[in-house]
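S.K.: Mind looking at a prediction? Sequence and model below.
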Amino acid sequence: MEDLREQTHTRHYELYRRCKLEEMGFKDTDPDSKPFSLQETYEAKRNEFLGELQKKEDEMRQMFVMRVKEKEAELKEAEKDLHEKFDHLKRTHQEEKKKVEDKKKELEEELNNFQKKKAAAQLLQSQAQQAGSQQTKKDKDKKK
């Protein structure tokens, strides 16, 4: 019974362990059929994994840099569009302001002319009333 247990342990478990390690990429022998240690295999696999990891990290960094540059280009384009729109609105505002100021000057001139005409009309009216009242006085004086 002990012999059976020992055989199971040495042969079957060792075969199972070797198969599982080979599935993971670890082999007890190199291609030249020279045995080498598990530590060397582990170090080789670790270095291979770290190399792949570094490669993926570099690819991700390049993708990130590329996406950042694309986003910066989009933002610069949007900023340029906003500046153009701002300049257009500023010019439009200045043109409208100039039109309003010109219209204001025109209306002020019309108001001044109207005030002058009104003052002249009032002056003529008051002169006419005075002349009319003087004429009425003269007519009254003649009737007496």
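M.R.: Noted; the coordinates are in hand. Numbers count the residues shown, from 1 in each chain.
S.K.: Distance-wise, check the most centrally placed residue in the chain relative to residue 69.
M.R.: Residue closest to the average C-alpha location in the chain (C-alpha atoms, centre = their mean): residue 75, at 5.3 Å. According to C-beta to C-beta, to the nearest Å, residue 75 and residue 69 sit 11 Å apart. To be clear about C-beta, it is placed using only N, CA and C from the backbone, and glycine gets the same treatment.
S.K.: What mean pLDDT does the longest helix along the chain get?
M.R.: Secondary structure assigned by DSSP state H gives helix 38-143 as the longest helix of the chain. In this model, helix 38-143 has an average pLDDT of 92.
S.K.: Work out the gap between it and the centre of the chain.
M.R.: 21 Å (C-alpha atoms, centre = their mean, to the nearest Å).
S.K.: Make 11 the starting number, not 1.
M.R.: Happy to do that; since the first residue is 11 now, the last one works out to helix 48-153.
S.K.: Can you spell out which helices and strands pack onto it?
M.R.: Applying 3 or more C-beta pairs under 8 Å, 6 or more residues apart in numbering; DSSP states H and E, we find helix 48-153 packed against no helix or strand.
S.K.: I'd like to know how far residue 93 sits from residue 133.
M.R.: 59 Å.
S.K.: same thing with residue 144?
M.R.: Taking C-beta to C-beta as the measure, residue 144 falls 16 Å from residue 133.
S.K.: Count the neighbours of residue 61 for me.
M.R.: Using other C-beta atoms under 10 Å, residue 61 has 10 other residues around it.
S.K.: Kindly report the same for residue 12.
M.R.: Look at residue 12: counted by other C-beta under 10 Å, it has 6 neighbours.
S.K.: swap in residue 110?
M.R.: As a burial measure, residue 110 scores 10 neighbours (other C-beta under 10 Å).
S.K.: tell me the contacts of it?
M.R.: Taking C-beta atoms under 8 Å, 6 or more residues apart in numbering, we find residue 110 in contact with no residue.
S.K.: Can you check the pLDDT for residue 42?
M.R.: In this prediction, residue 42 carries a pLDDT score of 57.
S.K.: One more: residue 45?
M.R.: At residue 45, the model reports a pLDDT of 58.
S.K.: Please apply the same query to residue 34.
M.R.: pLDDT for residue 34: 76.
S.K.: Many thanks, we can stop here.
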